[in-house]
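**Student:** predicted coordinates and the sequence they were generated for:
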Amino acid sequence: MIHRALLVGLAAVDAVLGLAILGAPRLFTPLIDVPEPPGLLYFRLVGLLLIALAATYMAGGFAPARYAANVVIAATTRLSVGGFLLAVAGGTRAPMLFYVLGLAEVAIGAAHAVFAASGRAGR
């Protein structure tokens with residue numbers, strides 16, 4: 001039960017972040033210490049993709065037996081994003097936020113992987 005709440009709760013956070021990126025993308029570029037992209041088109045596309053990914057995660061959280069593959073997708077995606085952020089942060093003078101987000105994504109992805117591997121996601 002706690003894993004389902006984690007999956008849905010974090011998906012809600014991802015959805016809110018996606019909506020915020022769509023609505024006010026200029027607020028986020030200073031946080032991640034990157035120059036503002038011209039036109040912000042790609043940054044807004046990231047917001048849309050984040051919302052779609054959150055919907056996928058939520059489906060797995062609301063009905064894990066029906067959407068067990070979504071739990072695996074959540075685990076794989078979170079572990080991949082976390083590893084990527086840590087690799088980028090380790091090779092550059094990235095903001096501390098990259099390390100924090102990278103470690104959080106790896107921890108969340110590991111929790112999802114344990115849940116998926118336990119077989120409870122498919123029941």
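**Tutor:** Looks like it arrived, so ask away. In this text, all values refer to a predicted model and were calculated from it rather than measured experimentally.

**Student:** show me the contacts for V16.
**Tutor:** The contact partners of V16, by C-beta atoms under 8 Å, 6 or more residues apart in numbering, come to none. Bear in mind the C-beta positions are built from the backbone N, C-alpha and C, glycine included.

**Student:** after the helix or strand harbouring it comes which helix or strand?
**Tutor:** Element membership for V16 (DSSP states H and E) is helix 2-23. Sequence-wise, the next helix or strand downstream of helix 2-23 (DSSP H and E) is helix 41-62.

**Student:** list the buried ones in that following helix?
**Tutor:** Along helix 41-62, these residues count as buried under the neighbour rule (16 or more other C-beta atoms under 10 Å): 43-44, 46-47, 50-51, 53-54, 56-61.

**Student:** may I see the buried residues of the helix or strand just after that helix?
**Tutor:** For helix 41-62, the following helix or strand on the C-terminal side (DSSP H and E) is helix 68-91. Of all the residues in helix 68-91, those buried under the rule 16+ other C-beta under 10 Å are 68, 70-75, 77-79, 81-82, 85-86, 89.
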